[in-house]
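Q: turn this into a model:
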Amino acid sequence: MRAVIMAGGKGTRLVAITKNEIPKPMVPILGRPLLERQIEVLRNNGICDIIMVIGYLGDKIREYFSDGSAWGVRIRYLQEEEPLGTAGSFYYLKELLKEEPFLLVFGDVIFDIDICRMEAFHRSRQAAATLFVHPNSHPFDSDLVTVDPQGKVTGFDSKHNIRNYDYENCVNAGLYILDPSVCDLVDTPQKRDLEKDILTGLVKSGRAVYGYRSPEYIKDIGTEERIARAACDIRSGFIIKKCLKHRQRGIFIDGDMVLAGCGMENENEAGMEAALPAVNVLEKLNQSAFLSFIIVKEPYVSGENRQEQKREFLRKRISTLLGSRGVFVDEILFCTHYSDEDSIKEAFGKAAKQYHLDLPACWVLGNVPEILFCGKHAGLKTALIAGKITGGDGASYKIPELICHDLNGAVKQILEES
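A: Okay, here's the model as predicted:
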C-alpha cells in the first residue's frame, strides 16, 4: 500500500514557531519535524512508497527529504501551484495511484497506529473508503460521523448543527484508506473538500464507506499547546503504548455505576444522568494508557430489530451524557443480564479482539458479584466496589483482587500500581 501525505499547510496559528520560514508539516517536535515522524511510522508499517502533495514553501520539504532514501523510503512530490483543498489534488493523483488502496495522511497530525490492522478492516469490507474514527472529550463541538452497527458510515453530523438530539461519540480523526477509484470523482483541478464533496456523495450513492474505530493515538498539532502536549506524550511513551501492535490493558465498569437514574420506561424518556464519581474516574482513564469500557445491562425487548434500536438509543444517550461532561468510553458493551455468563463473556471477547486486549492484565469493576464472577472466569482481575462477596456461584467465587469503598479509589489504586 502507498501513502499520500497532504503537506501543503501554512500553519497560520503556528507562526511563532514557523516564523513563515517553514511549512506547517515541518514544525519541530522535540527537535524533529512532524513530517519526519510520520514517515517513520509509515516505514515501520511497511509503507515505503510515499507521495507528498506540497504547496506553501514546498521547497523546504524537498530539500530536507529529497527522494527519501535516507529514511528507507521512496518519496515523490506533487506540487500544487495553488491550494486545492483536501481533495482537489486527486485530479493529479489518479495517474499515480492504480489498483491498490492508498493511505491518506494529513501533514498536521501526529499518530502511531497499526496500519496493517486498519488495512485488513478496509479490505474485509471491500470498502471504497475507510475513515479512522474515535471518541473524544468534546464531541459536542466536533464534526461527527454516523455509523450503523456494522460500522458502515450513514452520514456526517457537522459541528455547526444545532444538536437538540443524542448522538454517538464518533469523530473523524483525519486518516483514511481510499480505493484509487475515489480519485476519479475529481474531474477538474479545482479546490475540493474531501468530506463534503467526495465522501458525502459516496455515502449518498450507497458506496461502501466504513468507520474504523480505534483508541490509538492520532492528534492534530494545530496550536502551540497541542505541540507541547504531543511532546509530553512522546517523552512518556504514551503514543507508542496506545498503538494496537501492542497488547492493551482495559478496565470494564459495571454500567449501573457509571449511570444514575436509569428509569427509562420507553425510548422517548431521557431519565439518565452521568454519575459524578464515574465522570471523575473516566477522566483519569481517558488520560491513562488503560482503555475504558462500560457493560450495560439492556432491558429485554422482543424482536431483533427492536433490540438493536434499543441498543442504539442507549449508546447515543450514554455517549451524549458523558461527552457533555468532557469524558468518553472507548466502547459501550451490552449484556442481557449480569447473571448471563455467556453474554458477558461474549462482551469481553468482542472487546479483546477489536482492541487487542491482554485480558489477564484487564480489570472488571462492579458492585454486583455476578459480573465479577464472569470476569474472573474470563481471566480478568476483579475489584468489588462497596458490595458483599455473595451472589452468583458463591461457593466457587474467588476473592477479588481489590475490595474498595468507591470506584475512584479502585481506579486510583490500579493506575498507581500499573
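
Q: tell me what the longest helix seen in the chain is packed against?
A: In the chain, assigned by DSSP state H, the helix with the most residues is helix 304-324. Judged by 3 or more Cβ pairs under 8 Å, 6 or more residues apart in numbering; DSSP states H and E, helix 304-324 is in contact with strand 273-274, strand 290-297, strand 331-335. C-betas here are computed from N, CA, C, even on glycine.

Q: what angle sits between that helix and strand 290-297?
A: Comparing the axes of helix 304-324 and strand 290-297 via axes from the mean of the first three to the mean of the last three Cα atoms, to 10 degrees yields an angle of 130 degrees.

Q: how about the residue positioned nearest the centre of the chain: what's its closest non-neighbour residue?
A: What sits nearest the mean C-alpha location of the chain, by Cα atoms, centre = their mean, is residue 134, with 2.4 Å. Of all residues not flanking residue 134 in the chain, residue 173 sits nearest, at 5.5 Å (Cβ to Cβ, 6 or more residues apart in numbering).

Q: now do residue 129
A: residue 209 (4.7 Å).

Q: correct me, but that neighbour touches residue 199?
A: Yes - the pair residue 209 and residue 199 qualifies as a contact (Cβ atoms under 8 Å) at a distance of 6.2 Å.

Q: what do the two both touch?
A: 129, 131, 153 (Cβ atoms under 8 Å, 6 or more residues apart in numbering).

Q: helix or strand: which one has residue 327?
A: Assessed by DSSP states H and E, residue 327 sits outside every helix and strand.

Q: neighbours around it, how many?
A: 24 (other Cβ atoms under 10 Å).

Q: phi, psi for it please.
A: phi -130, psi 170 (degrees, to the nearest 10).

Q: separation between it and residue 383?
A: Here the criterion is Cβ to Cβ, to the nearest Å. By it, residue 327 lies 19 Å from residue 383.

Q: likewise residue 82?
A: Distance from residue 82 to residue 383, by Cβ to Cβ: 58 Å.

Q: wait, residue 247 sits on residue 362?
A: No - the pair residue 247 / residue 362 is not scored as a contact, 9.9 Å apart, by Cβ under 8 Å.

Q: more crowded one of the two?
A: residue 362 (25 against 14).

Q: what's the domain layout of the chain?
A: 2-240, 247-417 (automatic domain parsing).

Q: and the last one, end to end?
A: Across its full length, domain 247-417 reaches 18 Å between end residues, using Cα to Cα, to the nearest Å.

Q: what about the helices in this structure?
A: Going by DSSP H, the chain shows helices at 15-18, 34-44, 58-65, 90-93, 115-124, 200-204, 224-236, 238-242, 255-258, 276-286, 304-324, 341-355, 369-377, 407-417.

Q: among those, which comes closest to residue 331?
A: Shortest distance between residue 331 and the helices of the chain, using Cβ to Cβ, is found for helix 341-355: 5.9 Å.

Q: ok so, going back, same drill for residue 209 and residue 199, tell me which one is more crowded.
A: residue 209 (28 against 25).

Q: if we can go back for a sec, the residue nearest to residue 129 and residue 125, how far apart?
A: For residue 209, the distance to residue 125 - Cβ to Cβ - is 9 Å.

Q: go on, residue 312?
A: For residue 312, the distance to residue 125 - Cβ to Cβ - is 20 Å.

Q: residue 383 now?
A: 37 Å.

Q: who has more neighbours, the two?
A: Comparing residue 383 with residue 125 by other Cβ under 10 Å, the one with more neighbours is residue 383, at 24 against 16.

Q: wait, that one sits on residue 367?
A: No - Residue 383 is not in contact with residue 367 according to Cβ under 8 Å; the separation is 9.8 Å.

Q: bridged to the residue nearest to the centre of the chain, which residues?
A: Beta bridges link residue 134 to residue 171, judged by DSSP bridges.

Q: which residues touch it?
A: So residue 134 contacts 170-171, 173, 213-216, 218 (Cβ under 8 Å, 6+ apart).

Q: quick check: buried residues in stretch 119-127?
A: 119, 121-122, 125, 127 (16 or more other Cβ atoms under 10 Å).

Q: may I have that stretch as PDB, with CA atoms only?
A: What follows is stretch 119-127 as a C-alpha-only set of coordinates in PDB (Å, rounded to 0.1, in the frame of the first residue of the first chain):
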ATOM      1  CA  GLU A 119      -6.000  -2.100   6.100                       C
ATOM      2  CA  ALA A 120      -7.300  -5.600   6.900                       C
ATOM      3  CA  PHE A 121     -10.600  -4.000   8.100                       C
ATOM      4  CA  HIS A 122     -10.800  -2.000   4.900                       C
ATOM      5  CA  ARG A 123     -10.200  -5.000   2.600                       C
ATOM      6  CA  SER A 124     -12.600  -7.200   4.600                       C
ATOM      7  CA  ARG A 125     -15.400  -4.700   3.900                       C
ATOM      8  CA  GLN A 126     -14.400  -4.200   0.300                       C
ATOM      9  CA  ALA A 127     -14.700  -0.500   1.100                       C
END
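
Q: give me the contacts around that stretch.
A: Contacts for stretch 119-127 (Cβ under 8 Å, 6+ apart): 1, 101, 103, 130, 151-152, 177, 179, 208-210, 212.

Q: could you measure the residue nearest to residue 129 against residue 362, distance?
A: 32 Å.

Q: over to residue 236?
A: Counting by Cβ to Cβ, the gap from residue 236 to residue 362 is 21 Å.

Q: likewise residue 414?
A: For residue 414, the distance to residue 362 - Cβ to Cβ - is 10 Å.

Q: mind listing the shared neighbours of these two?
A: Joint contacts of residue 414 and residue 362 (Cβ under 8 Å, 6+ apart) are residue 251.

Q: pretty sure residue 282 is touching residue 329, no?
A: Yes - with contact defined as Cβ under 8 Å, residue 282 counts as touching residue 329 (6.6 Å).

Q: list the residues that are in contact with both of the two.
A: Contacts common to residue 282 and residue 329, judged by Cβ under 8 Å, 6+ apart, are 258, 292, 322.
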